[in-house]
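Asker: Next input, structure requested:
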Amino acid sequence: MPCRALSTTVPGMRRFPALLTGASALALSLAALPASASGAAPSSPELPLGPPGLSETRGTEVLQPGVEVTTITRGARDGSTRWTVEVSVPSGQQSPDPDAPPRALQDRASAEEHVRRLADAGFGAQAEPVEQPAVADVDAGLLGYRVRLAELFPDKAAADAEVARLRSAGFTSRAWYTGWDGTSDAPGPWTVRVVTIDPRRFRGDLDATFGPTLEDRERTTDLARQERAAVAVNGGFFVFDPRAGAEGDPAGVGVYGGHVLSEPVGDRPALLMDGGARRTAVVRPTWRGRADLPSGRQEVDGVNRVPGLIRNCGGTPDDTPTWLPLHDVTCSDPDELVAFTPAFGPTTPSGPGAEAVLDRRGVVVAVQPDRGTALGPGQRSLQGTGNLATRVASLRPGDRIGLQVALSGDRDQTSAPDVSVVNGGPELVRDGRLHITQQQDGMVHPGDPSFAYGWVLQRNPRTFAGVDARGRTLLVTVDGRQEAHLGLSIPETADVARSLGMVDAVNLDGGGSTAMAVGGQLVSSPSDAAVERAVGDAIVVR
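Answerer: Coordinates of the predicted model:
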């Protein structure tokens, strides 16, 4: 099936240089990527969070030459910030989509109809409009209407008790701290941790790691200890549910030690780093994969992922429901050709189809009529499913296959074995200006405004990264979804990135994945019931 490199070009966005790799080498034109963007973002004496004049403290610890961690605490909890109960809203009779499932946001008529149902059951409630702020590719406007009980509650226990009463009456709802609303005027608190790496003094190594295998998840602290890292933060998005692929596999581009081990999601942004932290950049890589078979050239859909499952979508035109990026959605395609390396795990994914094993020279050493095998050092394999299984099954030992996987662009190529690339999105800051690519990067779900409401506009734990005007790499975590840690909306994340001096910045995985380890010890406050989540990869500073 056809697989073409996405070539959407956004003016001003750095792209990967042209490159074409074989088994493992990654070529990138680091010389073409400037150490810093032109024009510094204005620096604020205080973070742009909450009302002006809140108390703010900053403490900095130097970990090694050129590497320091600054902890910023802003504001304090206010007793007037209460808990609310938000009720899921089914589609009403006047809804443009009467079959839509209950969700946080609906049209006004459906929300008001649900308010009447709640009133009939003895619950006072109100429908409230939710506004989408203007970002780089989404206009400001009404996103939808939510329904909340009219009564506010002093603590979570009281709100949970009301949720239980609603459940008994047949309503679905959740307890919610109003300080987590992206538009809340709560005075804090926020906890922001900033790792700053100055390439002029840095003599260590900046890297990304996925641990022993791609298909497994490890905690950021475990990855930090394995790498003996001075500091580490969680990295990009990854497969979390085994039904969406191999748990732990990057859900987007992944380059580790110069090896392209995971293909991009469309042209979503990513963080590119070299070992010396001299050329950190936000880039938009595109994918090129091909296999020259005896029967002819065939495009390769991906590398090191379960065939047929494309997490976050952004694959090829025959994927369903879309080939465009769509965050937290798994697209599908029954007919795929996917390459594998030993980095994936002890064995490749098993299932119907065919698989051919190649040696270091690209010579077929084994062909099997189904998928799933162990790969030795230097070996690779090709798995075919659906109508591509026959092309793989027709191979014979001794056939020579030209297998190439690459990240492509429009600049000269230079070998760069110390390059790492971690996937992310959306873009936050470009050339010192706010530039949130919410729609382009799949954070707008057509027909479902609830996704943008929860993922973009509400406050959550966040991890983001970028480079400032002095060429320094900044890695940032913000705790959230706790009364003592409010978190950030995506617009607030971009504001904070710019206030920290970033001229280019990208959002990384957040929520329960957000974590920072210093000396192998967790210093951030995880939101998953105070338990650190195992993640797909991490950015480490040694």
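
Asker: Contact partners for the residue of the chain positioned farthest from its centre?
Answerer: Centroid-distance maximum for the chain: D120 at 42.5 Å, with Cα atoms, centre = their mean. Residues counted as contacts of D120 (Cβ atoms under 8 Å, 6 or more residues apart in numbering): none. Every C-beta, even on glycine, is put in place using the N, C-alpha and C of the backbone.

Asker: Could I get the phi/psi values of it?
Answerer: Phi and psi for D120, reported as degrees, to the nearest 10, are phi -60, psi -30.

Asker: Tell me how far it lies from A109.
Answerer: For D120, the distance to A109 (Cβ to Cβ, to the nearest Å) stands at 17 Å.

Asker: and S499, how many residues sit next to it?
Answerer: Neighbour count of S499, defined by other Cβ atoms under 10 Å: 17.

Asker: Would you check that it makes contact with L47?
Answerer: Yes - between S499 and L47 there is a contact at 5.9 Å, judged by Cβ atoms under 8 Å.

Asker: I figured V138 hits Q440, correct?
Answerer: No - using Cβ under 8 Å, V138 is not in contact with Q440, being 9.4 Å away.

Asker: So the two - more neighbours on which side?
Answerer: Comparing V138 with Q440 by neighbour count (other Cβ under 10 Å), the higher total belongs to Q440, at 23 against 19.

Asker: Skipping adjacent residues, who's closest to that one in space?
Answerer: Taking Cβ to Cβ, 6 or more residues apart in numbering, and ignoring the residues beside it in sequence, Q440 has D137 as its nearest neighbour in space, at 5.3 Å.

Asker: got it, and R284?
Answerer: D267 (4.5 Å).

Asker: Kindly report the same for G266.
Answerer: That would be G314: by Cβ to Cβ, 6+ apart, it lies 3.2 Å from G266.

Asker: That neighbour: what's it in contact with?
Answerer: Counting by Cβ under 8 Å, 6+ apart, G314 touches 6, 252, 264-268, 323-326, 331, 442.

Asker: wait, doesn't F240 sit right on E247?
Answerer: Yes - here F240 reaches E247: they are 6.8 Å apart, a contact under Cβ under 8 Å.

Asker: the more surrounded of the two?
Answerer: It is F240, of F240 and E247, that has more neighbours when counted by other Cβ under 10 Å, with 21 against 16.

Asker: so what pLDDT did the more buried one get?
Answerer: Reported pLDDT at F240 in the predicted model: 94.

Asker: again with P2
Answerer: Note on P2: pLDDT of 35.

Asker: same deal with P45?
Answerer: 70.

Asker: How about V195?
Answerer: At V195, the model reports a pLDDT of 98.

Asker: can I assume it sits in a strand?
Answerer: Yes - per DSSP: H, G, I helix; E, B strand; the rest coil, V195 lies within a strand segment.

Asker: does D78 count as helix, strand or coil?
Answerer: Secondary structure, three-state DSSP: D78 is coil.

Asker: Surely it touches P187?
Answerer: Yes - if you go by Cβ under 8 Å, D78 and P187 touch, sitting 5.0 Å apart.

Asker: Neighbour count: the two, which is higher?
Answerer: With neighbours defined as other Cβ under 10 Å, D78 and P187 compare such that P187 has more, 21 against 14.

Asker: Who are the contact partners of that one?
Answerer: Shown in contact with P187 (Cβ under 8 Å, 6+ apart): 50-51, 54, 75-76, 78.

Asker: Please report how far it lies from T70.
Answerer: Note on P187: its distance to T70, by Cβ to Cβ, is 21 Å.

Asker: tell me the contacts of P321?
Answerer: Counting by Cβ under 8 Å, 6+ apart, P321 touches 313, 329, 331.

Asker: separation between A169 and R462?
Answerer: 36 Å.

Asker: Among these two, which residue is more densely surrounded?
Answerer: More neighbours surround R462 than the other of A169 and R462, with 27 against 14 (other Cβ under 10 Å).

Asker: List the beta-bridge partners for that one.
Answerer: Applying DSSP bridges to R462 gives these bridge partners: V478.

Asker: Run a quick check on it versus D479, I expect a contact.
Answerer: No - the pair R462 / D479 is not scored as a contact, 9.1 Å apart, by Cβ under 8 Å.

Asker: so what sits against both of those two?
Answerer: Counting by Cβ under 8 Å, 6+ apart, the residues touching both R462 and D479 are 487, 514.

Asker: What helix or strand is V364 located in?
Answerer: strand 364-371 (DSSP states H and E).

Asker: Now do the helix or strand that comes right after that strand, average pLDDT.
Answerer: Next helix or strand after strand 364-371 toward the C-terminus (DSSP H and E): strand 380-384. For strand 380-384, mean pLDDT is 98.

Asker: What of stretch 69-81?
Answerer: The pLDDT scores in stretch 69-81 average 95.

Asker: next one: that stretch to chain centre, how far?
Answerer: Centroid separation between stretch 69-81 and its chain, computed with Cα atoms, centre = their mean, to the nearest Å, is 26 Å.

Asker: And for stretch 283-292?
Answerer: In terms of Cα atoms, centre = their mean, the centre of stretch 283-292 is found 19 Å from the chain centre.

Asker: mind listing what's buried in that stretch?
Answerer: Of the residues in stretch 283-292, 283-291 count as buried by neighbour count, 16 or more other Cβ atoms under 10 Å.

Asker: can you check stretch 530-542 too?
Answerer: In stretch 530-542, counting by 16+ other Cβ under 10 Å, buried: 532-542.

Asker: ok, which pair from those residues is furthest apart?
Answerer: Maximum pairwise distance in the buried residues of stretch 530-542, criterion Cβ to Cβ, is 22.8 Å, between R533 and R542.

Asker: mind showing which ranges of the stretch 1-150 of the chain have poor pLDDT?
Answerer: Along the stretch 1-150 of the chain, the parts satisfying pLDDT under 70 run over 1-44, 92-100.

Asker: and if we set it to 50?
Answerer: Where the stretch 1-150 of the chain drops to pLDDT under 50, the residues are 1-43.

Asker: Can you show me the strands along it?
Answerer: Ranges of strands in the stretch 1-150 of the chain, per DSSP state E, counting those that start in this stretch, are 56-64, 67-74, 83-87, 125-132, 141-149.

Asker: just how off-centre is the first one within its chain?
Answerer: Pointing back at strand 56-64 there. How far strand 56-64 lies from its chain's middle: 27 Å, per Cα atoms, centre = their mean.
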